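> Quick one, structure for this:
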Amino acid sequence: MRSIHIITLCTVVTAALAAGCNREAPNAPAASAPAASVAVVNDNARLETAVDDFIDGMFQHYPTFAANAGKHEFDGKLPDYSPAGLKADADWLHAERARFAAFGDDKLDENGRFHRDYVLAVIDGQLFWLEDSGFPYSNPAFYTGDLSPSMYLTRPYAPLPERMAAFVTYQEALPKAIAQIKANFKLPLPASYIDLGVNSFGGYASFFKTDVPAIFAEVKDDALQARFKASNAAAIKATQDLADWLKAQKPHATHDYALGAAKFSKMLHATELVDLPLDQLKAIGESDLQRNLDALKAACDKFAPGKSLSACVAKESADKPVGGAVEGARTQLAGLRQFIVDKDLVTIPGPEQAKVEEAPPFNRWNFAYIEIPGPYEKNLPSVYYIAPPDPTWSKADQQAYIPGKADLLFTSSHEVWPGHFLQFLHANRAHWKFGQLFVGYAFAEGWAHYAEEMMFDAGLDGATPEAHIGQLTNALLRDVRYLSAIGLHTGGMTVAQSEQMFRDKAFQDPGNARQQAARGTYDPAYLNYTMGKLMIMQLRQDWIAAHPGPNALKAFHDQFLSYGGPPIPLVRAQMLGGKPEARLWVAPTAATAKTEPAAPSTSR
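I've put the predicted structure just below:
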């Protein structure tokens, strides 16, 4: 996927960069300081108290968020998905928004204003998904992340019997939550939402029945085993019943998945502080798609001269990793880390490593993702998960789903080195707890996608034409996501048209193309991969122009990661000064290339 649940902010880099990374409120001034300065200090202190209260409130309203962050007193608890529970969440968020908005600019220092704006951005994003999107009443994706039991099964944060007890509590709470979810859905539902729900909840049922009992079989506690057996049977029934109920709705399914232009624009501003007109955003995406297609043509002329682009990509894809994608990724990680060290591209702030495993059945709706322990955890592994092909597909489609080695190399760059995993090494060392806990979609996915192109530009795998094709196929995939999100939700694009674009412009195999087009309906923000990347590329160009030097690239990376994960326009304001502004990088045209500063490019 290339998608995660997110968290972070301001970690120490070097003394030279520390001034660019705002952190705690300053110490109280001397007694002779003017009264206005004392007032600012007092309001900064009150703001930080409000932030602590907000974090505590988030844990209470979203206990799965708390448990995943490492607050294990919330283990086994699930949110209240009833209408009253959802309303209580919304009412609390609105009250918190009013509380933080009341901190005026004149009563906060620069650091305090940044903290306030970061919190407001998180609240606005939460409120959009809860109220404006309509997803609680239609979209299984609103719930499936919360319901994931992966933490109890794969994260060794406590001895197995203790984690089993937490998992049993989770299973005991699951039927009530499933009943609330079913009651929330307003029929008829979009076909792609139904398919997601059938696959997700059916995957839970299969996983609970087939895989989970063996995980806890060695625990010698008869009473706990009895509770497990009863709760496991109830969880299997509840999740399978919901999957079956959703499947029964398929004859009445609609194609009414579009948010519409107004709501889509609101999503961009509420979640990422991006307020560019949709026609301008679309034009930027089309430009980046063409940039990458041109680069692919140049690479294919060297790698597969005389062949079509699709035949060239097929040639790259045919060079499969030995032992499959999971084994292939395992062999790639050490080399990726060493490349970062050798090229001195970005600080690696700790010795942690990531494992690679096959994705569990309930979370195979996209090819790859990484699960990273929360900021309250200590010395626990991160796991880079790779999904096997859907066994119901044809043998040819299953084989095509496995990426070529070069393609997989840049997926591994995205998920681990220097993508999500490295970002979270910085994030979990942040000095501001709020920053450790909240990282936005465009920041996290934008950084990870940016890292792919940056690594190729630095010479990864010899920067061969084959490696370039691997990088570009990942870039084209994200370009088509970007354009599909805008098209599906604002332009009348059908799922079939999106699927065809993934086939024609991103050269995706049939299985991936189907998955990606469907994902665009229930994940309208998946344009954030390219949108975030282009905002980072523009910020990099502008920042390095103002801070030139032999180590400017590493300095930029370290400072960017030090902010954790607020909307990128807020980071831009911190690094360059001024007000938050959404600026996306656009490749220079032939007419402007001679007069504009050089910018990052996949074309060499």
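> which ones are touching the nearest residue to Gly470 once chain neighbours are set aside?
The shortest distance from Gly470 to any non-neighbouring residue, by C-beta to C-beta, 6 or more residues apart in numbering, is to Ala406 (2.7 Å). Every residue, glycine included, has its C-beta placed from N, CA and C. By C-beta atoms under 8 Å, 6 or more residues apart in numbering, the contact set of Ala406 is Glu316, Asp319, Asp461, Glu466, Ala467, Ile469, Gly470, Gln471.
> contacting residues for the closest residue to Ser265 other than its chain neighbours?
Closest residue in space to Ser265, ignoring its immediate chain neighbours: Leu278 at 6.2 Å, by C-beta to C-beta, 6+ apart. Residues counted as contacts of Leu278 (C-beta under 8 Å, 6+ apart) are Ala261, Phe264, Ser265, Ile486, Thr490.
> and which of the residues you listed is nearest Arg99?
When the contacts of Leu278 are compared for distance to Arg99 (C-beta to C-beta), Ser265 wins out at 26.6 Å.
> Next up, identify which helix or strand that closest one is on.
helix 261-272 (DSSP states H and E).
> Show the secondary-structure elements that that helix is packed against.
helix 110-127, helix 278-303, helix 441-457, helix 465-490, helix 528-546 (3 or more C-beta pairs under 8 Å, 6 or more residues apart in numbering; DSSP states H and E).
> So which of those is nearest Ala387?
Taking the helices and strands packed on helix 261-272 one by one with C-beta to C-beta, helix 465-490 is closest: 15.1 Å.
> what inclination does that closest one have with respect to helix 278-303?
For helix 465-490 against helix 278-303, the angle by axes from the mean of the first three to the mean of the last three C-alpha atoms, to 10 degrees is 160 degrees.
> between helix 465-490 and helix 528-546, how many degrees?
Using the same axes, to 10 degrees: helix 465-490 against helix 528-546 is 120 degrees.
> Now the element after helix 465-490, going C-ward?
For helix 465-490, the succeeding helix or strand toward the C-terminus, using DSSP H and E, is helix 495-504.
> got a list of contacts for whichever helix or strand comes after that following helix?
Per DSSP H and E, the first helix or strand lying C-terminal to helix 495-504 is helix 510-522. Helix 510-522 has contacts (C-beta under 8 Å, 6+ apart) with 135, 139-141, 190, 192-193, 195-196, 257, 365-367, 389-390, 393, 397-398, 400-401, 477, 480-481, 484-485, 488-489, 495-496, 498-503, 506, 508, 526.
> So what's the gap between helix 510-522 and the chain middle?
17 Å (C-alpha atoms, centre = their mean, to the nearest Å).
> Then stretch 384-398?
22 Å.
> again, but for stretch 468-487
Centre to centre, stretch against its chain (C-alpha atoms, centre = their mean), the figure for stretch 468-487 is 16 Å.
> one step back: got a markdown table for the contacts of Leu278, with pLDDT and neighbour count too?
A markdown table is the format used below for the contacts of Leu278 (pLDDT from 0 to 100; neighbours: other C-beta atoms under 10 Å):
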| residue | pLDDT | neighbour count |
| --- | --- | --- |
| Ala261 | 98 | 14 |
| Phe264 | 98 | 21 |
| Ser265 | 98 | 18 |
| Ile486 | 98 | 23 |
| Thr490 | 98 | 21 |
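> Go through those and say which is closest to Ala283.
Taking C-beta to C-beta as the measure, Ala283 lies nearest Ile486 of those, at 10.4 Å.
> With adjacent residues omitted, what lies nearest to that closest one?
Counting by C-beta to C-beta, 6+ apart, Ile486 lies nearest to Lys282, which is 5.2 Å off, once chain neighbours are set aside.
> residues touching the one you found, list them.
Leu483, Ile486, Gly491.
> Nearest to Gly549, out of those: which one, please.
Of all these, Gly549 sits closest to Leu483, with 36.8 Å by C-beta to C-beta.
> neighbours of that closest one, just the number please.
25 (other C-beta atoms under 10 Å).
> Now the residue nearest to Gly470, what are its backbone angles?
phi -70, psi -40 (degrees, to the nearest 10).
> can you check Glu371 too?
Torsion angles, degrees, to the nearest 10, at Glu371: phi -110, psi 120.
> which residues touch it?
Ile4, Ser150, Thr154, Arg155, Ser382, Val383, Tyr385.
> mind redoing it with 10 Å?
When contacts are counted by C-beta atoms under 10 Å, 6 or more residues apart in numbering, Glu371 touches 4-5, 68, 148, 150-151, 154-155, 354-355, 357, 359, 363, 381-385, 420.
> Then His72?
Going by C-beta under 10 Å, 6+ apart, His72 touches Ala66, Met151, Tyr152, Tyr157, Ala158, Glu162, Arg163, Ala166, Gly374, Tyr376, Glu377.
> Could you rerun that using 8 Å?
For His72, counting by C-beta under 8 Å, 6+ apart, the contacting residues are Tyr157, Ala158, Ala166.
> Out of the contacts of Ala406, who's the most crowded?
Highest neighbour count within the contacts of Ala406, by other C-beta under 10 Å: Gly470, with 30 neighbours.
> shouldn't that residue be in contact with Glu316?
Yes. Applying C-beta atoms under 8 Å, one finds Gly470 in contact with Glu316, separated by 6.3 Å.
> what touches both of those two?
Contacts common to Gly470 and Glu316, judged by C-beta under 8 Å, 6+ apart, are Gly404, Ala406, Asp407.
> C-alpha coordinates for the helix or strand the last one falls within, PDB please?
Read it as Asp407. Using DSSP H and E, Asp407 falls within helix 405-415. The C-alpha coordinates for helix 405-415 follow below in PDB (Å, rounded to 0.1, in the frame of the first residue of the first chain):
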ATOM      1  CA  LYS A 405      13.000  -7.100  -8.400                       C
ATOM      2  CA  ALA A 406      13.400  -3.500  -9.500                       C
ATOM      3  CA  ASP A 407       9.800  -2.600  -8.700                       C
ATOM      4  CA  LEU A 408      10.100  -4.400  -5.400                       C
ATOM      5  CA  LEU A 409      13.300  -2.500  -4.600                       C
ATOM      6  CA  PHE A 410      11.500   0.800  -4.600                       C
ATOM      7  CA  THR A 411       8.500  -0.600  -2.600                       C
ATOM      8  CA  SER A 412      11.100  -1.600   0.000                       C
ATOM      9  CA  SER A 413      12.600   1.900  -0.200                       C
ATOM     10  CA  HIS A 414       9.100   3.300   0.300                       C
ATOM     11  CA  GLU A 415       8.200   1.100   3.300                       C
END
